[in-house]
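Engineer: here is my input, please return the structure:
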Amino acid sequence: MKKLHSILLILFFMFFSTLSSGASSFKKLSQLEIREVQTHIYDTSDKQQVFKATINALQDEGFSIVNIEDELGYIRAKKEFKGRRTDKKRVTIYSLQLAYAVACSVITYGAGSSYLIAPSMHLKNELADKTVIIDTNANIESFGKQTKVRLTMVEKVLENADGYSYIKSSPRKVIRIYTPLVYQGFFNEIDKSIFYEKI
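Structural biologist: Now for the predicted structure:
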């Protein structure tokens, strides 16, 4: 029995160390590069028109407007949805814990079957869809004869409570979004909205 425990623990640590060393690296953007991704300049001096177009674009994308400061040119919006956000490291750990519990249960002829509950709950929860919130801030300001818009987006993944339907209020993971295509898509929507308002 002790030998089996030792083998399973060794396998567990080998898998975990492999995952840690194999984590993919990503290119870190400088502050200037981040600002360039998040900022777009429109060829119009009508700040109010761009302000309204930004609100329309956010609403078209399913965001709810949380706060508007008209004079400051500030908009805060939020979007909430269910999405698949699976942590591969956690899935591996819970799978190994479950395999260990199954092995113990088999060896003890079912006496250790109660140990299957916790890793099963953890694994089920990890594979389930999570509640995802995207918080967006928009700053609109005059820029000479043009208008500048800067958007910032943050994705918050809420933690499901293991084995239950309610959601913990504190986020499991907070990800700052720097993907250029995401911002470009929003700026294109604002552009369309400005065009439609002129018609």
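
Engineer: can you map out the helices along the protein?
Structural biologist: Residue ranges of the helices in the chain, as given by DSSP state H, are 2-21, 31-38, 47-60, 88-107, 117-127, 180-198.

Engineer: what's the angle between the last one and helix 47-60?
Structural biologist: Put plainly, it is helix 180-198. Between helix 180-198 and helix 47-60, the angle comes out at 120 degrees (axes from the mean of the first three to the mean of the last three Cα atoms, to 10 degrees).

Engineer: OK, contacts around residue 87?
Structural biologist: Contact analysis of residue 87 by Cβ atoms under 8 Å, 6 or more residues apart in numbering lists residue 126. No exception for glycine: its C-beta is placed from N, CA and C like everyone else's.

Engineer: residues contacting residue 30?
Structural biologist: Per Cβ under 8 Å, 6+ apart, neighbours of residue 30: none.

Engineer: highest mean neighbour count out of the helices of the chain?
Structural biologist: Mean neighbour count (mean count of other Cβ atoms under 10 Å) peaks for helix 47-60 among the helices of the chain, with a mean of 19.

Engineer: now what about it, what contacts it?
Structural biologist: So helix 47-60 is contacted by 42, 44, 65, 68, 70, 73, 75, 77, 136, 138, 140-142, 147, 149, 186, 189-190, 192-194, 197 (Cβ under 8 Å, 6+ apart).

Engineer: for it, give the mean pLDDT please.
Structural biologist: Confidence over helix 47-60 (mean pLDDT, whole number) is 93.

Engineer: from residue 176, how far off is the residue positioned nearest the centre of the chain?
Structural biologist: Nearest to the geometric centre of the chain sits residue 155, at 3.8 Å (Cα atoms, centre = their mean). Residue 155 is 8 Å from residue 176, where distance means Cβ to Cβ, to the nearest Å.

Engineer: and residue 131, by the same measure?
Structural biologist: Taking Cβ to Cβ, one finds residue 131 at 19 Å from residue 176.

Engineer: between these two, which is the more surrounded one?
Structural biologist: residue 131 (17 against 9; other Cβ atoms under 10 Å).

Engineer: not counting its neighbours along the chain, what's nearest that one?
Structural biologist: The spatially closest residue to residue 131, leaving aside those adjacent along the chain, is residue 158, at 4.3 Å (Cβ to Cβ, 6 or more residues apart in numbering).

Engineer: ok, that neighbour touching residue 173?
Structural biologist: No: contact between residue 158 and residue 173 fails when scored by Cβ atoms under 8 Å: they sit 9.1 Å apart.

Engineer: out of the helices of the chain, which comes closest to residue 82?
Structural biologist: helix 117-127 (13.3 Å; Cβ to Cβ).

Engineer: packing partners for the closest one?
Structural biologist: Where contact means 3 or more Cβ pairs under 8 Å, 6 or more residues apart in numbering; DSSP states H and E, helix 117-127 is packed against helix 88-107.

Engineer: that'll do, ta.
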